[in-house]
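Novice: Just a sequence and a predicted model for now, questions to come.
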Amino acid sequence: MRILRLNFIIILIISFSLSTYARNYKVNIIGNKYIDQEIVLSLINNLSDTIENIDKSKIIEDLNDTGYFENIEVFLEEGSLNIKLNEYPIFKEIHFSKNKRFKEEDLLKIFQKNNQYNIFNEYNISKTIDEYNNLYKSFGYNSINIDYEITKNESEEVEIFFNFNEGKISKIRNITFNGNSSFSKGQLLNQI
């Protein structure tokens with residue numbers, strides 16, 4: 001896995017280097033705090049070699065699809081391409097409370113899978129909560145309720161607090177079959 005990551009990074013660096021020399025204009029990335037300029041440029045598919053052929057809406061679309069940026073502006077000025085970014089904040093800490101059924105380590109693995117680069121994004125949080133709900137429901141906690149709160153510090157880092165209300169485990173006490181004359185109750189129960 002490390003070799004695959006290393007190869008990927010090398011390919012990104014080479015492709016960035018080649019594309020830098022092929023362009024006849026300067027690219028300025030403005031407002032990036034956490035993501036390097038080289039990474040931002042690698043997120044853009046098929047950046048034009050000439051300033052006249054730049055598709056600003058395509059650049060915005062490519063960067064927006066990553067989920068890393070809250071706001072993106074693209075403009076041309078004095079023969080340069082300028083990309084002004086407002087990044088989503090990064091997570092400082094993740095807290096869990098009232099989770100009895102699952103360990104924090106298990107919940108954290110799900111969180112990290114949906115928030116790979118530690119960047120706060122409402123869509124990814126919603127996806128994480130959906131996975132938490134599905135996990136709990138698969139163990140019979142059908143009345144699970146998960147809330148969260150966020151706080152930002154002066155450095156724009158986010159702490160997120162997940163609060164779990166697990167409820168009681170749902171249990172089936174009795175199954176009754178009405179109107180059946182073709183199969184025995186035992187045969188039907190074996191099919192469930």
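Specialist: All right, it came through fine. Only a predicted model underlies this, so the values are computations on that prediction, with no experimental measurement involved.
Novice: Go through stretch 113-122 and flag the buried ones.
Specialist: For stretch 113-122, a neighbour-count test (16 or more other CB atoms under 10 Å) marks 114-115, 117, 119-121 as buried. The way it works is simple: take the backbone N, C-alpha and C, and place the C-beta from them, glycine included.
Novice: I figured Tyr141 hits Gly167, correct?
Specialist: Yes. At 6.0 Å, Tyr141 counts as touching Gly167 under the criterion of CB atoms under 8 Å.
Novice: the more surrounded of those two?
Specialist: Set Tyr141 next to Gly167 and count neighbours by other CB atoms under 10 Å: Tyr141 wins out with 21 against 13.
Novice: Give me the contacts around the helix or strand where Asn64 lies.
Specialist: Assignment of secondary structure by DSSP states H and E places Asn64 within helix 56-65. Outside helix 56-65, the residues within contact range by CB atoms under 8 Å, 6 or more residues apart in numbering are 40, 43-47, 69, 72, 74-76, 83, 85.
Novice: before we move on, what about stretch 95-107?
Specialist: Residues from elsewhere that reach stretch 95-107 (CB under 8 Å, 6+ apart): 108, 132, 135-136, 139, 141, 159-166.
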